[in-house]
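A.B. asks: Next input, structure requested:
(chains A, B and C)
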Amino acid sequence: MTIQFNDETFHDDYTFRNSDWAIQRFPFPFHEDSYMYSVNLEPHLSLRPGSVYEKTFDVDEHYVAEMKDRARVLAEDPLRCQSLPHMTLAGWDLLELIMVSKAREYPDLFELHRDGDRWHWINKPLGIEQKFVFLDETTLPCGPLEYITRQAQGDYALLDQRDDNLWMDAGMVTTQADWSLDFDIGMNFFEWHAPVPMASELGVFQRALKFLLNLQQGAPVRRLNWTMTVNPLLDTSPENYHKWGVQKTALTPENVGSKQHLRVELQTLFRLPRSNALAFPIRCYLIRLEDLVTVPKWGRRLHRVLRDLPEELATYKGFIRNRPMIVEYLSQFDDGTPTSPGVFPD
Amino acid sequence: MSAGTKKIDVTVTEVVEVNDLVKRFRFERSDGAEMPTFSGGAHTVVEMKDGGITRLNPYSLMSDPRDRSAFMISVRRDEQGRGGSLFMHREVKVGDRMVLSYPVNLFSLDLRAKKHLMIAGGIGITPFLAQIKQLEGMNGHFELHYSVRTAALGSYTEELKAHYPDRVHVYHDDQGEAIALGDLLDGQPLGTHLYVCGPKGMIEWVCRTAEERGWPAEAVHYEEFLAPQSGKPFSVTLAKTGKVIPVGEHQSMLEALEAAGVDAPYLCRGGACGQCETDVVSHDGAFVHRDHWLTDDQKACGNKIMPCVSRFEGRSLVIDR
Amino acid sequence: MSRFQFPPSIRSRPVYGTLEPRRGTAHLMVADAEGAEALLDLARAAPEMMAKAHVLYIPAAEGNDLADRLRATGPAQFYVGPSYAASVSRLRKALADAHMGLQIYLAGTEGLIGQAMQEAMSAGYPASAIQTEHRGSVARRVQCVHCKGVTENVSVTPFVCSHCGLNLFVRDHYSRRIAAFQGVCVDAEDPGDVPAQEGLYQ
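C.D. replies: Residues are numbered from 1 along each chain as shown, chains lettered A, B, ... in the order given. Purely as a prediction, here's the structure:
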């Protein structure tokens, strides 16, 4: 399948749109009518042709526009991509993982030709061609992490493993749900999750960490996370919160269906071979409520989940002030009939 | 699903007698594809079909992590062991098909280190061989102190000295040479990380000396594979099915579970990684805990066991499987 | 004197202990203001340690007699600095010259402890092996997440960023790398609607 890439923006005039294809394949995160924070990790195996779970790194119609948005954010704030000095090898691991996967899974879009350490990479959608020497930083225009993640949708964190913990020691973060790489870089697993309410009491982090420390090469896992965002703003960073926070007040009963978006993160985790670090890609998908409710099951279920969500979680996820309006809007699409199990449309 | 189940079908392409005690094996993928890369310090679990028994023994990868053509391991013959090393020495020939696990690293370099100080004893040299190759490719700063019984039994000493004359120091026990550990530790610049792999006594000596001299535990790394030890036979009951599984004298509980068709998790099979940690539902008897994973409190509590190396003596043991 | 009991908090917020003598080939001790009292306690517990100790002390501006008492414990090297900024190059030199076997003891305000820890970490010393003891002021160093400027001695929330002027709410989220707590705009969603200021531990 050849993808038609959208010409769209994720800021100012917000021309971002999902096609019918993108709506149908949206990674709806709720498998039942209620939500509680959990680890919910499953093997990252290819699932359902055409779905976002089919490929190692999903490429969709927003690819080119998202990469332009990333370049714009980095030009304004280069601190969004950082790598502590010992993480360069993990950056090369990630570059290899992404290039090899994309060239194999999207041969019409990406090519990788390797002759020993001399590599030749072709990215057709972005019009990039690069010959370089693998593991030689001087042959790339920037570090390996920055180079490859300027060409891959989603945020990326690289987690060093030592002292029975994981350390967020490198990352590219421009499409985040309100956390700062510049502030969190260097923190361990418990520290960077510290602001998440309730989960510490539930013990989910201890269990998740233990699982991840033993994550094996060749056996990646995935999970979904979600939040709510007003306007299709990819860069909901703390750095710019004083600029975008006010947009939350622009919601009215008339525009809530078009302005309010469900924001879903497809998080995957890979053991990296050379560095023994973990790659933690966090891919963001946005959908406006009026598009989401075109799938009747999703409209009914989202209404029930948001209505019944504990106060602390609605506050943490940043939509407590707009929850009544959102729930009111969604209630029109909930006739009270039961929903089928699982995340996919009926 | 067992976390350690990702497997590679390989063919033995080289068996070299390194000295009277040690043989080196080279494995290439049977389908001709490339091996996965790995990080220095990683091990692979080798599956051995020894008659009716399947043995699964972990061995450190000693080859260059960047070499995708093959994996290499060195195996020291252990006459007192349960038979894995004897099987490798006596039965494994060039052309044999075998199965290896994907690499797992429980002894990785701390890449923040300003300097890597390595201390090896005997066959404990193998993970360092891969780490040194990795550091060489990254211009890493390392120094190796390697203790062997005799010159004749010192595996890879000549190659190491030839390649890194200023960074490798070899000590021969039979000539009364010993590492001057205290002075060595005191002279290291701030930011040095210490790694030790070798016999149990050596690891204890190095860790104790480092602690006495004020080294933070975070800067001291060691790898000690515990081979499961033989013991009295016992039986274990699975809580989920009520099935009773006998564990033989020369078998580990993990091996007995696997032989009975139970898909139990594992990674290191040496009491270090924690992957096989199993809840004890009830017991009447005494545990023989041999792992490095459970805390002393957990061991005293008696509600967890590591079936890869630990055993049980008594009337009944019921585990949550 | 009584020591402040920090209320329980999230896991990124530093917790402080009580300095204890540890075996080591050398001892580096850094304190500001009332942190000297923690070093005096340490020296009382293990007087022999002081012969291998290098003490860097930054007294409070109003001055006190703790410097003389510290000197009297007989450290191998003793330095009194007028400010942290003035002392940091000496601290860096001490770390650069040090060998493994060094023990590090930090005592005083959170700002001093955090910044000295930052230096020790960049010299390759594991943060979790550094001993710390809080004494004195509970004011914080706070980094504005928006402009990245650090404001010293913050004891109320919200406060006005000394660099960009935004009204910042002080979080307990803490970065060892920056040696600061995080400050986030408090009135982003309702500009001008700033809650009343209160003390950090009120």
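
A.B. asks: burial measure for residue 232, as a count.
C.D. replies: The chain I'm using is chain A. Neighbour count for A:P232, taken as other Cβ atoms under 10 Å in any protein chain shown: 21. (Each C-beta comes from the backbone N, C-alpha and C, glycine too.)

A.B. asks: Sorry, I should have been clearer: chain B.
C.D. replies: When neighbours are counted by other Cβ under 10 Å, B:K232 registers 12.

A.B. asks: near chain A, which residues of chain C?
C.D. replies: Counting by Cβ under 8 Å from any Cβ of the partner chain, the residues of chain C close to chain A are C:10-13, C:126, C:128, C:143, C:145-146, C:148, C:166, C:171-173, C:175-178, C:182, C:184-185, C:188-191.

A.B. asks: if I pick residue 118, what's in contact with it?
C.D. replies: By default, I'm working from chain A. Shown in contact with A:R118 (Cβ atoms under 8 Å, 6 or more residues apart in numbering or on different chains): A:K131, A:F132, A:V133, A:F134.

A.B. asks: look at chain C instead
C.D. replies: Applying Cβ under 8 Å, 6+ apart, we find C:Q118 in contact with C:R176, C:R177, C:I178, C:A179.

A.B. asks: Swap in 6 Å and give it another go.
C.D. replies: C:A179 (Cβ atoms under 6 Å, 6 or more residues apart in numbering or on different chains).

A.B. asks: That one in helix, strand or coil?
C.D. replies: helix (DSSP: H, G, I helix; E, B strand; the rest coil).

A.B. asks: thinking again about what came up before, what subset of the residues of chain C next to chain A is buried?
C.D. replies: Buried residues within the residues of chain C next to chain A, counting neighbours by 16 or more other Cβ atoms under 10 Å in any protein chain shown: C:10-13, C:126, C:143, C:145-146, C:148, C:166, C:171-173, C:175-178, C:182, C:184-185, C:188-189.

A.B. asks: picking that back up, quick one: which of the contacts of A:R118 is most hemmed in?
C.D. replies: Most surrounded of the contacts of A:R118: other Cβ under 10 Å gives A:F132, at 19 neighbours.

A.B. asks: pLDDT weak spots in the stretch 151-300 of chain A?
C.D. replies: A:198-202 (pLDDT under 70).

A.B. asks: Report the separation between the closest residue to chain C within it and chain B.
C.D. replies: Nearest residue of the stretch 151-300 of chain A to chain C (Cβ to the nearest Cβ) works out as A:G245 at 3.1 Å. The spacing between A:G245 and chain B, counted by Cβ to the nearest Cβ, to the nearest Å, is 37 Å.

A.B. asks: tell me the contacts of that residue?
C.D. replies: Neighbouring residues of A:G245 by Cβ under 6 Å, 6+ apart: C:A188, C:E189.

A.B. asks: Also the one 4 residues further on?
C.D. replies: With contact taken as Cβ under 6 Å, 6+ apart, A:T249 is in contact with C:E189.

A.B. asks: at 10 Å instead, please
C.D. replies: When contacts are counted by Cβ atoms under 10 Å, 6 or more residues apart in numbering or on different chains, A:T249 touches A:V230, A:R321, A:N322, C:A188, C:E189, C:D190, C:P191.
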